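Engineer: just the structure for this:
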Amino acid sequence: MARLNGHLLRLPFYLLSVTMVVPFYWLLITVFKPPAELARTPPSFVPHSPTVANFYDAEWSPERVNPGHLQGIFQRFQVDFGFWRFLFNSLFITAAITVGALLICSLAAYVIAKHDIKGRRAIFLLIVASMMVPWQTTLIPNYVIMRNLGWLDSYAGYIVPALAKAFVLFFLVQFLQSLPDELIQAARVDGAGEWRIWWRIVLPLLRPALAAMSIFIVLAEWNNFLWPLIIVQSDEMANLPVALARLNSYYAGPDHQGAIMAGGLLASVPTIVFFLIFQRYFVRGIALSGLKG
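Structural biologist: The predicted structure follows:
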């Protein structure tokens, strides 16, 4: 009876997991369906003739139109290196923003949490208050700044505006406040400078919190669509979300959905792998932070 009650209590979580798994399952089976099966009504829930042509169809030719053989995801983009260019853009931009934001926020958190500077409380409250402002309100000012700096359609336009992460700073400050001040004082007595203390003591102690925050940053920047859509002017500088959105607008019809779903599958794999690697650090970082005021 107790076991049955336990399953009943977990029933909402089971239903919620189904709503999350079913769309991914549909994406997965669509990737391996041929064009004829994609256009079939009613749709099938299991591929009857599995194929990998939605990634690359060796029998497709631009000179010969064949409804049964369409361009795979690696054949549809007329840019250097094709789909791999957008994958590189997303990887480079996400990695640069993640590393840069964590370094900057950890340094700022160290100053706020462990230095008795004038006005640090007001500065910290101002930064926390900025989280209450919808980020969409900064789109036009950021665009004007990027245009005046000549950073539109460039990696700098992607990366620099995204380095300021108020929530990351807030989280790291809470984490550092839970660490004893005696560690920092002992290092200062031994003659260590502030930069060395930050690099050799603070950063290693922040490792669980940095890993936890890296998951949030990676997921947000990897799936970022609106800001890249605004500043990107050429196909070569598009990231994966923008490239897939353009692909979906260029190719209409159910028989083209296989290649689009293949791109979506390839775009989701890195984030899944990243989370599986860092999930234990994520749980540990949340547990150790305490979110104390």
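Engineer: phi, psi of residue 78?
Structural biologist: The phi/psi pair for residue 78 (degrees, to the nearest 10) reads phi -90, psi 60.
Engineer: OK, contacts around the nearest residue to it once chain neighbours are set aside?
Structural biologist: The spatial neighbour of residue 78 that comes closest, neighbours along the chain excluded (Cβ to Cβ, 6 or more residues apart in numbering), is residue 235 at 7.5 Å. Where C-beta positions appear, they are placed from N, C-alpha and C, glycine not excepted. The contact partners of residue 235, by Cβ atoms under 8 Å, 6 or more residues apart in numbering, come to 77-79, 243, 246.
Engineer: ok, residue 107 touching residue 198?
Structural biologist: Yes. Contact status for residue 107 versus residue 198: in contact at 6.0 Å, counting by Cβ atoms under 8 Å.
Engineer: and the strand or helix carrying residue 171, average pLDDT?
Structural biologist: Element membership for residue 171 (DSSP states H and E) is helix 166-177. For helix 166-177, mean pLDDT rounds to 92.
Engineer: return the set of buried residues in it.
Structural biologist: 166, 168-177 (16 or more other Cβ atoms under 10 Å).
Engineer: need the residues you listed in JSON lines (columns: distance to residue 137).
Structural biologist: JSON lines is the format used below for the buried residues of helix 166-177 (distance: Cβ to Cβ, whole Å):
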{"residue": "166", "distance to residue 137": "14"}
{"residue": "168", "distance to residue 137": "20"}
{"residue": "169", "distance to residue 137": "19"}
{"residue": "170", "distance to residue 137": "19"}
{"residue": "171", "distance to residue 137": "23"}
{"residue": "172", "distance to residue 137": "25"}
{"residue": "173", "distance to residue 137": "24"}
{"residue": "174", "distance to residue 137": "26"}
{"residue": "175", "distance to residue 137": "29"}
{"residue": "176", "distance to residue 137": "30"}
{"residue": "177", "distance to residue 137": "30"}
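Engineer: can you name the element that comes right after the strand or helix carrying residue 214?
Structural biologist: Assigned by DSSP H and E, residue 214 falls within helix 207-222. Sequence order places helix 226-231 as the next helix or strand after helix 207-222, per DSSP H and E.
Engineer: on contacts alone, who are the packing partners of that following helix?
Structural biologist: helix 139-149, helix 155-159, helix 240-250 (3 or more Cβ pairs under 8 Å, 6 or more residues apart in numbering; DSSP states H and E).
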